[in-house]
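[1] turn this into a model:
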Amino acid sequence: MTPQLQQAIKLLQLSRLELVETVQQALLENPVLEERPMDTDPETESQQEAASKNDKVKELDVQEQSLLKSAEWDDYLGNFSSTSRQASERELPEEMTSFETMHAAKPTLESHLLWQLHLSTLTDRQKEIGEMIIGNLNSHGYLHSSVEDIVSMCQVTEEEIEEVLPIVQCFDPVGVASRSLPECLQIQVDFLGKDDPILHSIIQDHLEDIENGNLQALAKKFHVTREDIQAYVRIIQGLEPRPGSSFGAGETFYISPDAYVYAYGDEFVIILNDEGFPDLQISPFYAQLLESKNCQQNRQYLQEQMRQGLWLLKSIQQRQRTLYKVLEAIVSFQREFFLHGVSQLKPLVLKDVADAIEVHESTVSRITTNKYVATPYGIFELKYFFNSGLGTSNGEQVASESVKAAIKNLINHEDQNKPWSDKQLVECLSNELQVNIARRTVAKYREALGIPSSTKRKKKVR
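    Take a look at the predicted model:
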């Protein structure tokens, strides 16, 4: 995986505020990047100016075009056409958002993994094992309980755990639930499709040699050049040794929506939030300086900065296009939610959206992480729209989030002197939504909503 592709994938996962910080940092570190003057409209630049700028970076054109058209890029991000729309000029209704909806608990590693687990096609028993594995991870994402411990806790066989563990380890972030650093790195290497016995051996047995800088000894051992070993080292340095470190512990933070969705006639309009986001461009001064004959001494440095700047611009553009495409697909799949609210939320999995916009499921997972959309019914994380389904008596599917909303509504309107038991809630859901749901599932949803049992609810009233 090239550094440029790693950068593009990293940008997918960033929240809007994190992306703004990344761009601001790039402006400080890269001299060829600058903010576009406010009186300059990139859409109305003359053809002469555009041609002039293209000429000034002609030394990079061939290489950059090759990079940007690589199949590796397409595998992760897909091909998207421009999404310029007249909708971006429409005024957003001020009443769409409120202060109360602009704060939430930061997603934890556990919640992020459980979300993926519950959307998977595993059996209920396998999901229970997966929940136990996820519940025994430390803050860095490593499994701190042995398989034998989980066997005793779950009352399952070791073979069953060994079936589920590799599946969890390939959730995002890849390498989570590993039992050692070599296992964590090897899982990531396998996920990237790098089947190299030397790389495998270095990860399993020689990480300490890399740490101590014994590259020449490794080159001699594997009968390769020092440059080959350095190439392996660069691959390993590009991996994540602590896959859970990017997730917080659930502290409160304030939300700045990444996009807005509102009704406009019979359609829904999507507007990406660019408030406070710097409008970047390549500095004409440095582009001209690169072309100058007086730039021989610093030419290599400027070329590298120019290359990094161009990649950042392209990565940001691709990120925004991917986000827009995912939002379009979500609005299409969940149209009834945007019309009528949570009660009409439908079951949806990552694969549905990935297939619709022709990208890998991991791309959809990354672009929906820490992203929020303002809707007529409040601000929601994009992951909220992905949820498993429950069967109904007429053979249809109802989203689990809709069932949770129904449970919350029933409890909010219950007789406080005779609160509903979980068994009674099952009967109500069966009558109102025709949902086939077990009492244990109702209890799990109720607990997830932070609602105590009927006995404790009754005690609160007294």
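
[2] where does the prediction get shaky in the stretch 151-300 of the chain?
    Residue ranges of the stretch 151-300 of the chain with pLDDT under 70: 152-154, 248-254, 293-297.

[3] okay, now residue 211: neighbour count?
    Per other CB atoms under 10 Å, the neighbour tally for residue 211 reads 8. For glycine as for every other residue, the C-beta is placed from the backbone atoms N, C-alpha and C.

[4] and the contacts of stretch 327-338?
    If you take CB atoms under 8 Å, 6 or more residues apart in numbering as the criterion, stretch 327-338 is touched by 259, 261, 263, 268, 270, 344-346, 348, 352-353, 356-357, 373, 375-377, 382, 385.

[5] inside strands: which ones of the residues you listed?
    Under the assignment DSSP state E, the contacts of stretch 327-338 contribute 259, 261, 263, 268, 270, 373, 375 to strands.

[6] need the contact list for the second one.
    Yep, that's residue 261 we're talking about. For residue 261, the contacting residues are 268-271, 327, 331, 338, 373-376, taking CB under 8 Å, 6+ apart as the criterion.

[7] related to what we said a few turns ago, which of the contacts of stretch 327-338 count as buried?
    Neighbour counting with 16 or more other CB atoms under 10 Å marks 259, 261, 268, 270, 344-346, 348, 352-353, 356-357, 373, 375-376, 382, 385 as buried within those.

[8] what about stretch 187-206, start to end distance?
    Using CA to CA, to the nearest Å, the end-to-end distance of stretch 187-206 comes out at 17 Å.

[9] gap between it and the chain center?
    Stretch 187-206 has its average C-alpha position 25 Å from the chain's average C-alpha position, going by CA atoms, centre = their mean, to the nearest Å.

[10] could you list the domains of this structure?
    Using automatic domain parsing, the domains assigned to the chain come out as 3-32+53-89+254-341+355-374, 109-237, 389-461.

[11] could you redo the contacts of residue 261 as a markdown table and give each row distance to residue 12?
    Shown next, in a markdown table, are those (distance: CB to CB, whole Å):
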| residue | distance to residue 12 |
| --- | --- |
| 268 | 23 |
| 269 | 24 |
| 270 | 18 |
| 271 | 20 |
| 327 | 14 |
| 331 | 20 |
| 338 | 24 |
| 373 | 16 |
| 374 | 20 |
| 375 | 22 |
| 376 | 27 |
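
[12] residue 130: which of the residues you listed is nearest?
    residue 373 (27.9 Å; CB to CB).

[13] which strand residues bridge that closest one?
    residue 259, residue 380 (DSSP bridges).

[14] hang on, it packs against residue 380?
    Yes - using CB atoms under 8 Å as the test, residue 373 is close enough to residue 380 to be in contact (6.1 Å).

[15] helices along the stretch 351-462 of the chain, start to end?
    With DSSP state H, counting those that start in this stretch, the ranges of helices along the stretch 351-462 of the chain come out as 361-367, 400-412, 422-432, 439-448, 454-461.

[16] which residues does the longest one contact?
    What it means is helix 400-412. 118, 342-345, 347, 384, 387-390, 419-420, 425, 428-429, 432-433, 435, 437, 442, 445-446, 448-449, 451, 457.

[17] average pLDDT for that helix, rounded please.
    Averaged over helix 400-412, pLDDT sits at 83.

[18] so how far is it from its chain's centroid?
    The chain centroid and the centroid of helix 400-412 are separated by 27 Å under CA atoms, centre = their mean.

[19] can I get it as PDB, trimmed to CA atoms?
    What follows is the C-alpha trace of helix 400-412 in PDB, where atoms were taken according to Å, rounded to 0.1, in the frame of the first residue of the first chain:
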ATOM      1  CA  SER A 400     -34.100  -3.200  15.000                       C
ATOM      2  CA  GLU A 401     -33.900   0.600  15.600                       C
ATOM      3  CA  SER A 402     -37.600   0.900  14.800                       C
ATOM      4  CA  VAL A 403     -38.300  -1.800  17.400                       C
ATOM      5  CA  LYS A 404     -36.200   0.000  20.000                       C
ATOM      6  CA  ALA A 405     -38.100   3.200  19.200                       C
ATOM      7  CA  ALA A 406     -41.400   1.300  19.600                       C
ATOM      8  CA  ILE A 407     -40.300  -0.100  23.000                       C
ATOM      9  CA  LYS A 408     -39.300   3.300  24.200                       C
ATOM     10  CA  ASN A 409     -42.600   4.800  23.100                       C
ATOM     11  CA  LEU A 410     -44.600   2.000  24.800                       C
ATOM     12  CA  ILE A 411     -42.700   2.500  28.100                       C
ATOM     13  CA  ASN A 412     -43.100   6.300  27.900                       C
END
